[in-house]
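Enquirer: generate coordinates for the sequence data below:
(2 chains)
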2 protein chains.
Amino acid sequence: MEKFSIAIVGATGLVGQKIMEVLAERKIMANYTLFSSAIEADTKINFMGQELLTKPIYAPKKHEFDFAFFAVDALVSKVWVPVFKKSGAIVIDNSNAFRRKKNVPLVVPGVNDEELKNHHGIIANPNCSTIQLVCALAPLRPLGLKKVLVSTYQAVSGAGKEAIADLENDTKNKFDYKIKDNLIPQIDVFLKNGYTLEEDKLVFESRKILGLNELNISATAVRIPLKNSHSESVFAVFEHKTSVKNLQKRLKNAKHIVLCDNPSQKIYPMPILSNNTDQVYVGRIRKDMNEKNSFWLFVVADNLRRGAAANAVDIFERLISL
Amino acid sequence: MEKFSIAIVGATGLVGQKIMEVLAERKIMANYTLFSSAIEADTKINFMGQELLTKPIYAPKKHEFDFAFFAVDALVSKVWVPVFKKSGAIVIDNSNAFRRKKNVPLVVPGVNDEELKNHHGIIANPNCSTIQLVCALAPLRPLGLKKVLVSTYQAVSGAGKEAIADLENDTKNKFDYKIKDNLIPQIDVFLKNGYTLEEDKLVFESRKILGLNELNISATAVRIPLKNSHSESVFAVFEHKTSVKNLQKRLKNAKHIVLCDNPSQKIYPMPILSNNTDQVYVGRIRKDMNEKNSFWLFVVADNLRRGAAANAVDIFERLISL
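Expert: Model (predicted):
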């Protein structure tokens, strides 16, 4: 097999580094070219036994790259993804720039793989908080998802290296407020309806990925003073009669899921379990105290790995196996 | 006016210290006797210009104390509160030991003051996460509370000094798991129905205080790596038609509440606002994206001050004004 040429754009960022970590773990041999911002150009990166220097971004020659992973801000993706696509590369973009475009598949392999067949050179990687949620909800779809309410507990690593430094050093550079000994019930900008863009992403993207355009879903997204792994308190109402045991059974055998639900043994999802793994931990499954067919779940995953890098590499692996 | 004799049991603990802080701020002059565990007996405490030594607990003489604030574990309260009551003291107990007793009023002044008239020597101070919730819900009661779902973000100070040390030093003494760079979706013990006692308290106590025995309310309680102030993501459904503006108006003029709700100016409740205050901060009020008469709110308060000490002292002040 001929080696692919693969570009990684944003190679010095948290997600870019995690994409390389996953590629290396999965021994995906290729001719890699690493891109960083101009300011970080010529950063030495040891990757799969080679020492590579990051390059400032440029318009690739025709067919210079077969694939490009983009792990940069939406504004950078907006400008450069079309350029890479035009050169003939298939782009897997981690940003929010193209997720809502009709001709751009938004894919979580294991949930809606079939969408990959209809790409036009760009595949969007969903938002971190969306990926773990749809992994947990997809196995429960046959029960008829009637309503989903989510409150998130999101780690600072989702906002990049500067945000981690803010937590560790009690500084205030990345966020509008200090995050150490605080929490911030705002992630991304506010929309006119009072929701944040992060909350709106969770709603829009979950509907698109689950193929449930009318899904009754809503969320509150909160940044908490935690380094890594996002958690979600989920309240779900189903059309069909079901039970805790049935939910557990469906989740136990589902793609990406670790059922982690034995309260009497103090076994439930936590960031210390999910960190540095590609699994989605689901537990604390219990019936609502008041209403039929209503359940609480607690869902935890590494936002950089399962919530970004692992999903992006899953997309790549699915694409080349099609 | 003759000075009252007041006992503070648990004077070296976080809540006991906060009770003294509030008593001093409000200049409540009295003859104070401070009690601590035997191990911490003879601790010197400067309180309202006096240097007091803590005493190990003993059975008081008849009418030795007019009032006693108990800020100790439920097991200690269970043994000693009846002893103090029998001596003639009116006991304001911060623990869970008596909250569910029919003849013990569970009171949040400003919400259900009238219950204070029916006490039999013991008044229970509600759980921290309950107090801030009912302060936010009480002004909305006239709209017909149809359903309330709560996900909590609870600070380690709610678990005492040892828990704060665990967060600061990355140790694991108070909790079953490390709390720094982690979160724990368990507070207090598990019940048979899969809920924790903390979640059950929130349900039982909210119903009792709001006088809505059938209230459809349910919760997930989570300990997060934050020093102080509890936050709650609340989803509330009302019987009657209402609007964000109407909710804001009702909350704006309500007891204990600071309406803190201007997203475009990045104004919303946060622990850095509520810490060391006795107010309950409410904001991020918005309509559910899907269903009528359904709203999200975010509620933050200092769990040691509003959630314990200030409410206990409020009870005392109401009692002596009756």
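
Enquirer: show me where chain A has its helices.
Expert: Secondary structure of chain A (DSSP state H): helices at A:14-25, A:74-86, A:128-137, A:161-169, A:197-210, A:244-252, A:271-274, A:310-321.

Enquirer: can you give me the strands in the stretch 201-322 of chain A?
Expert: Using DSSP state E, counting those that start in this stretch, the strands assigned to the stretch 201-322 of chain A run over residues A:217-220, A:230-238, A:257-259, A:280-287, A:294-301.

Enquirer: could I get the ones you listed as JSON lines with distance to chain B and mean pLDDT?
Expert: Using the backbone N, CA and C atoms, a C-beta is placed for each residue, glycine as well. Listed next are the strands of the stretch 201-322 of chain A as JSON lines, based on distance: least, Cβ to the nearest Cβ, whole Å; pLDDT from 0 to 100:
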{"stretch": "strand A:217-220", "distance to chain B": "5", "mean pLDDT": "98"}
{"stretch": "strand A:230-238", "distance to chain B": "4", "mean pLDDT": "98"}
{"stretch": "strand A:257-259", "distance to chain B": "14", "mean pLDDT": "98"}
{"stretch": "strand A:280-287", "distance to chain B": "3", "mean pLDDT": "98"}
{"stretch": "strand A:294-301", "distance to chain B": "5", "mean pLDDT": "98"}
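
Enquirer: okay, residue A:55 and chain B: tell me how far apart.
Expert: Relative to chain B, residue A:55 is positioned 34 Å away (Cβ to the nearest Cβ, to the nearest Å).

Enquirer: oh, that last question was meant for residue A:242, not what I typed.
Expert: Taken as Cβ to the nearest Cβ, the span from residue A:242 to chain B is 15 Å.

Enquirer: ok, that residue to residue A:232 distance?
Expert: Distance, residue A:242 to residue A:232, using Cβ to Cβ, to the nearest Å: 20 Å.

Enquirer: and what of residue A:298?
Expert: 7 Å.

Enquirer: again with residue A:88
Expert: Distance of residue A:88 to residue A:232, given as Cβ to Cβ: 38 Å.

Enquirer: so for these two, which residue has more residues nearby?
Expert: residue A:232 (25 against 14; other Cβ atoms under 10 Å in any protein chain shown).

Enquirer: which residues of the stretch 201-322 of chain A lie near chain B?
Expert: Residues of the stretch 201-322 of chain A lying close to chain B by Cβ under 8 Å from any Cβ of the partner chain are A:203, A:216-218, A:220, A:222, A:224-228, A:231, A:233, A:235, A:244, A:263-264, A:266, A:268-272, A:283-291, A:296, A:298.

Enquirer: PyMOL command for the buried members of the residues you listed?
Expert: Buried residues within those, by 16 or more other Cβ atoms under 10 Å in any protein chain shown, are selected in PyMOL with:
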select buried, chain A and resi 203+216+217+218+220+222+224+225+226+227+228+231+233+235+263+268+269+270+271+272+283+284+285+286+287+288+289+296+298
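
Enquirer: so what's the closest residue to residue A:232 other than its chain neighbours bridging to?
Expert: Closest residue to residue A:232 apart from its sequence neighbours, by Cβ to Cβ, 6 or more residues apart in numbering or on different chains: residue A:299 at 4.4 Å. With DSSP bridges as the criterion, residue A:299 is bridged to residue A:232, residue A:282.

Enquirer: for the nearest residue to residue A:242 once chain neighbours are set aside, give its distance to residue B:139.
Expert: Spatial nearest neighbour of residue A:242, excluding adjacent residues (Cβ to Cβ, 6+ apart): residue A:143 at 5.2 Å. Distance of residue A:143 to residue B:139, given as Cβ to Cβ: 37 Å.
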